[in-house]
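Trainee: Kindly return the folded structure for what I paste below:
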Amino acid sequence: MVLNIIKISHVSPYADSLYDPLVVPLTFFDLKWLKDSVQQVVFYKLTESSSSRKFFYSVIIPKLEASLSLVLGHFLPLAGHVTWNPQDPKPCIVVFPHDTVTLTVSESEEDFSSVSGKGKRLASETRALVTEFPASCDSPCVLSLQVTLFPNQGFCIGITANHAVMDGKTVVNFYKSWAHICKSQTHGNILLPDDLTPSLDRTIINVPAYLEAKMLVLQGERTLKIPQAGEIGHDIFRITLELTLENVEKLRERAKSESTRSHSELHLSTFVLAYAYMWTCLVKTHGGQGERPVRLMYAADFRNRLAPPVHKGYLGNCVFPIGCFGHKAKTFLGEDGFVKAVEILGDSVKGLRLLGIEQLCELYVDGKKRVKPGTQLGTIAGSNRFGLYGSDFGWGKPVNTEFVSIDRNEAFSMSERDMSGGVQVGLCLKKHEMHVFISLFNDGLVN
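Mentor: Numbering: from 1, shown residues only. Here you go, the predicted model:
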């Protein structure tokens, strides 16, 4: 995709007066994600009167910039950098009075309905809509934004967030807050709803200190450089698929009928059912070699699993990777592959109630050591509970949202299905693999 860069703005957090430098320590949950980024694009279709260049640059961009300044006043760490001084045992976030967030404004002549659609399209097109952190920077910024206009059609907002500071929930809280302030069209600082008001209280993360040291050892080299994604091949395609409420219920009934367990023993959440279904389709897409090792991963949210629970507006990471290790492809290749995936994932989710973060950390570290070369990895980004489709900046709700980062590996994305119930899932595959996957996905919902 060819983009025309119109301008690059540097937006300062709104403040009544000059503030002192802010230093925020990273916690155990942050340290796992030191060298990762979260990249997402949200698409908005505009009306005929609001999609012109004149309206976009005279109304939309000024409002986005003004509201971004206001929301950064609430989410001050997002204007800073992650640093790791030689004398410090772990990194921290530092915000200085003149720090800013970069907002890149660009244009594309591509067809908006195609780029923002959910059908099969080149993965490289979506990646062009987000910025990359400089690979050479050893003190990376926390947040970078890109707004792209498709003249007379719509626009999108691309988010690149430093995962050491923000998990998916924090990114969405920031984004919802930005939309809330922009739509309010109020001058000066405004209050946010309680569920969006950010909390910087790190004392609430009650995790033994030795686990932080263990995470830093696991990270290896003492660096904060975030690797760039690299060039995406022209044979890599992206697709977004939907599981309606009816589809999910059908999968739930299928799991009940095919499992030898009692219904009370099964954990049949929408997340488990959707992930299990996508995973079995992916394993079957790769076909034979039943002895090849596979593992499933997901990030569990610990906001309500710590004692006391973490504030819903907590600004930081509160997720930890959970792995289902030691499985082979043949477990999921047969007709009972789906129900086996449901049982494995369901048992893992139920186990979160019984195990503390110390035990889960040990299991993760031990599991990582036992992963064999060539293991097929299943992982998932996002959640069907974030509610991002309600984010209206004043020109309508999103028509689609994409997790850009999944083009780096065979990861799935998951989000709610445009406020109509069910779940939206996405993935990137080579063209010939995509045909097989779509066929398996559709056939499994019909038969």
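Trainee: Tell me how far the nearest residue to Leu200 once chain neighbours are set aside lies from Glu362.
Mentor: Setting aside the residues directly before and after it, Leu200 is nearest to Leu315 in space (Cβ to Cβ, 6 or more residues apart in numbering), at 5.6 Å. The way it works is simple: take the backbone N, C-alpha and C, and place the C-beta from them, glycine included. Counting by Cβ to Cβ, to the nearest Å, the gap from Leu315 to Glu362 is 28 Å.
Trainee: for Asp20, same thing?
Mentor: With Cβ to Cβ as the criterion, Asp20 and Glu362 are 40 Å apart.
Trainee: Looking at the two, which is more packed in?
Mentor: Higher neighbour count among Asp20 and Glu362: Glu362, with 14 against 8, using other Cβ atoms under 10 Å.
Trainee: That one: helix or strand, and which one exactly?
Mentor: helix 357-369 (DSSP states H and E).
Trainee: what's that helix packed up against?
Mentor: On a contact count with 3 or more Cβ pairs under 8 Å, 6 or more residues apart in numbering; DSSP states H and E, helix 357-369 meets helix 209-219, strand 319-328.
Trainee: Could you give the separation of that helix from the chain centroid?
Mentor: In terms of Cα atoms, centre = their mean, to the nearest Å, the centre of helix 357-369 is found 22 Å from the chain centre.
Trainee: Low-confidence bits of the stretch 1-150 of the chain, can you list those?
Mentor: Nowhere does the stretch 1-150 of the chain drop to pLDDT under 70.
Trainee: so what's Ala299 bridging to?
Mentor: Taking DSSP bridges as the rule, Ala299 bridges to Pro321.
Trainee: any idea how far it is from Ser413?
Mentor: Taken as Cβ to Cβ, the span from Ala299 to Ser413 is 12 Å.
Trainee: Quick check: neighbours shared by the two?
Mentor: Common neighbours of Ala299 and Ser413, counting by Cβ atoms under 8 Å, 6 or more residues apart in numbering, are Ile380.
Trainee: Which stretches in the stretch 101-250 of the chain count as strands?
Mentor: Using DSSP state E, counting those that start in this stretch, the strands of the stretch 101-250 of the chain run over 101-107, 121-122, 143-150, 154-162, 236-243.
Trainee: re the thing from before, ok now the helix or strand just after the helix holding Glu362, how far from the chain's centre?
Mentor: Following helix 357-369 in sequence order, the next helix or strand is strand 376-383 (DSSP H and E). Centroid displacement of strand 376-383 relative to its chain, using Cα atoms, centre = their mean, is 10 Å.
Trainee: angle of strand 376-383 against strand 319-328?
Mentor: Orientation check (axes from the mean of the first three to the mean of the last three Cα atoms, to 10 degrees): strand 376-383 against strand 319-328 gives 150 degrees.
Trainee: Can you show me the CA trace of strand 376-383 as CSV?
Mentor: Taking C-alpha atoms only, strand 376-383 is exported to CSV below (Å, rounded to 0.1, in the frame of the first residue of the first chain):
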residue,chain,number,x,y,z
GLN,A,376,3.5,-25.6,16.1
LEU,A,377,2.3,-22.8,18.3
GLY,A,378,-1.2,-21.6,18.8
THR,A,379,-1.7,-18.3,20.6
ILE,A,380,-4.4,-15.6,20.7
ALA,A,381,-4.5,-11.8,20.8
GLY,A,382,-7.4,-9.7,22.1
SER,A,383,-10.6,-10.6,23.9
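Trainee: these two touch, right, the residue nearest to Leu200 and Thr197?
Mentor: No - here Leu315 does not reach Thr197: they are 9.7 Å apart, not a contact under Cβ atoms under 8 Å.
Trainee: Comparing these two, which shows the higher neighbour count?
Mentor: Neighbour tally, Leu315 and Thr197, criterion other Cβ under 10 Å: the higher count belongs to Leu315, 25 against 15.
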